[in-house]
Structure formats: C-alpha cells, structure tokens
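> With the input below, show me the fold.
(2 chains)
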Amino acid sequence: MTKEMTKAQPQGLPRFRQPSDILEREEGYYIYMDLPGVDKEDLVLDLKENEMVVSGKTRYASRPEEKYIEVEFGNCEYRRTFTLSESVDREKIKANLKNGVLEIHMPKAEKAQPKRIEIQAG
Amino acid sequence: MVIDFSTLYDVPRYMDKLFEDFWGPSISRRRMAYPPLNISEDEGALYVKAEIPGVAMEDLELTLTDKGITLKGERKSGEGKYFRQERPTGVFQRIVSLNVPIDRNGVKATMTNGVLEVVLPKSEEVKPKKIDIEIS
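Numbering: from 1, shown residues only, chains lettered A, B, ... in the order given. So this is what the prediction gives:
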C-alpha cells in the first residue's frame, strides 16, 4: 500500500514503482496500476520484445501564494516494467486511463485459447 | 485494510514530523495513512488534496463538521483470478481538523486523474481586511 521508491532522479523528481494488480479473466489478462495525477499525454507505454515499460509523470501545479501546511505527496515519476508471456497477443493490447488508474487489457493469443475440435462423423 | 482513524494533528506524531522535516525530505513520513493528503492555504481559502486513484466521486463521502472535514470511502477490487494484488483495497477514512472558520456554502470538491481537491473558502470574518483610518 505504500509507494516504493526506487531511485531519486538527478533532476530531483522522485521515482516510484507503483502498486499494480495482475489478473486473468475470460477475455484475457489485465494489469491495473495506480497512477494518480497523470494526464493521458504524460503517460508512455513502450513494448519492446517481451518487456512492457509504463512510465508517467505528474503535473501538480500550485496556485500563486499557496502555502503548504502538510505535504504527503508531490510531483513524481512513475515507472514500472512488466514481462509479457508468450500467450499474450501483442497486437491487440489496449490501454485505458480512468480516474488515475491505468487498465491494460492483453487478450490471449489465438493459440493459447482453448479450441474445440469438431468431430466429423463418417 | 487501509484504515487510519487518527486526526491529522496529533501532537506527539506532529512533533516527530517536525524533527523528520528538519532532517529529512519535505515529503511527510505518515506513510500508513491513506489516502495521502496535501493541505495548503492562501489568503482566501484552504485546499485539501488527496491521491485516491480508482475511486469515483460517488463512492466517496465527504463530510464537513464544525471541527473539520472527514473523508471516507472504499476501494474495491475487481473480479478475476489474481496473479498479483498490490493495490490496496478496503475502507479508508481520514479526518482533517480545521482551525479556521469556513464558508460552508462555498465548499467545492473536484476529482481529476484520481486526485481529489477540496476548496474550503475561509469565512469573510477571518480574511484580512484593510481598515481605513479617518483623520479628523
């Protein structure tokens, strides 16, 4: 539940490895990742061979003359790498960012889907 | 469970925090408290911001009492066969004590990208006012 800090960046932005859920449903595999404060434009998903890198950045702005009393979160970078299994259909991966949660849907590849073999009588 | 029933300004921890702030980074170490809050103010209003990704505004209960505001909600998990579950689920609550009178009718809450922002305008009586001095 706590954010795990990986490495402080030289520019000063802390980098976090965000908590993620990985689950399987009938339609395929799903990854859910908490990315609060990230705009769609600041989110990058890179797929290289069987590694998928999710990286994002927050843009929290302060009002002029805003004084902080309590600070428990701030601008940061999120980055996390996932290794994809062979059974994922890479061409059909879809991502959706809603309410600060990234949903990645990875359909199963054709060959991984159970297939019924028809029996021919004759 | 991600419950934290403590109020924000409990003194012993606050003292610890002062020490930690002195030595460490400016991000507070109240890590067990969920959701993380930022509280700020300017001349006209107090701002409470919280990172609550994945919780819709309808599932969030924001109560304004005479002493402060209470933020309540629940993070639910989806259906499926989990290989890994790291995102917290459960009921959460945080209480923020307010020591400034608030204009109750002007309170506004918005949610963008999983970040809640509550704007609490200060009541007119506490806003700094210029007093004209009449010279007789």
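> drop to CA atoms for contacts and neighbour counts, all remaining ones
Will do.
> So what pairs up with residue A:105 in the strands?
Beta bridges link residue A:105 to residue A:30, residue A:94, judged by DSSP bridges.
> From what I see, it and residue A:91 are in contact.
No - using Cα atoms under 8 Å, residue A:105 is not in contact with residue A:91; the gap is 11.3 Å.
> okay, those two: which has more neighbours?
Using other Cα atoms under 10 Å in any protein chain shown, the more surrounded residue of residue A:105 and residue A:91 is residue A:105, with 21 against 9.
> Please name the residues that touch the more buried one.
A:28-31, A:93-95 (Cα atoms under 8 Å, 6 or more residues apart in numbering or on different chains).
> Please determine how far the most centrally placed residue in chain B is located from residue B:86.
The C-alpha lying nearest the average C-alpha coordinate of chain B belongs to residue B:48 (Cα atoms, centre = their mean; 4.2 Å). Applying Cα to Cα, to the nearest Å, the value for residue B:48 to residue B:86 is 26 Å.
> and what of residue B:136?
Distance of residue B:136 to residue B:86, computed by Cα to Cα: 72 Å.
> between these two, who's got more neighbours?
Neighbours per residue, other Cα under 10 Å: of residue B:136 and residue B:86, the larger number sits with residue B:86, 15 against 3.
> about what we covered before: for the contacts of residue A:105, give me JSON lines that also has pLDDT and neighbour count.
Formatted as JSON lines, the contacts of residue A:105 follow (pLDDT from 0 to 100; neighbours: other Cα atoms under 10 Å in any protein chain shown):
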{"residue": "A:28", "pLDDT": "90", "neighbour count": "17"}
{"residue": "A:29", "pLDDT": "92", "neighbour count": "21"}
{"residue": "A:30", "pLDDT": "93", "neighbour count": "23"}
{"residue": "A:31", "pLDDT": "93", "neighbour count": "21"}
{"residue": "A:93", "pLDDT": "91", "neighbour count": "16"}
{"residue": "A:94", "pLDDT": "92", "neighbour count": "12"}
{"residue": "A:95", "pLDDT": "93", "neighbour count": "15"}
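> Need the max-distance pair from those.
Using Cα to Cα, these span at most 13.1 Å, a distance reached by A:28 and A:95.
> got the buried residues for stretch A:70-86?
Across stretch A:70-86, burial judged by 16 or more other Cα atoms under 10 Å in any protein chain shown covers A:70-80, A:84.
> what's the answer for stretch A:27-46, then?
For stretch A:27-46, by 16+ other Cα under 10 Å, it's A:28-39, A:43.
> Could you list the low-pLDDT ranges of chain B?
Low-confidence segments of chain B, defined by pLDDT under 70: B:1-32.
> Okay, helices next: where are they in chain A?
Here chain A has no helices by DSSP state H.
> residue ranges with poor pLDDT in it?
Counting by pLDDT under 70, chain A has low-confidence residues at A:1-11, A:112-113.
> Residues of it that sit close to chain B?
Counting by Cα under 8 Å from any Cα of the partner chain, chain A comes close to chain B at A:1-2, A:19-25, A:33-39, A:65-74, A:98-101.
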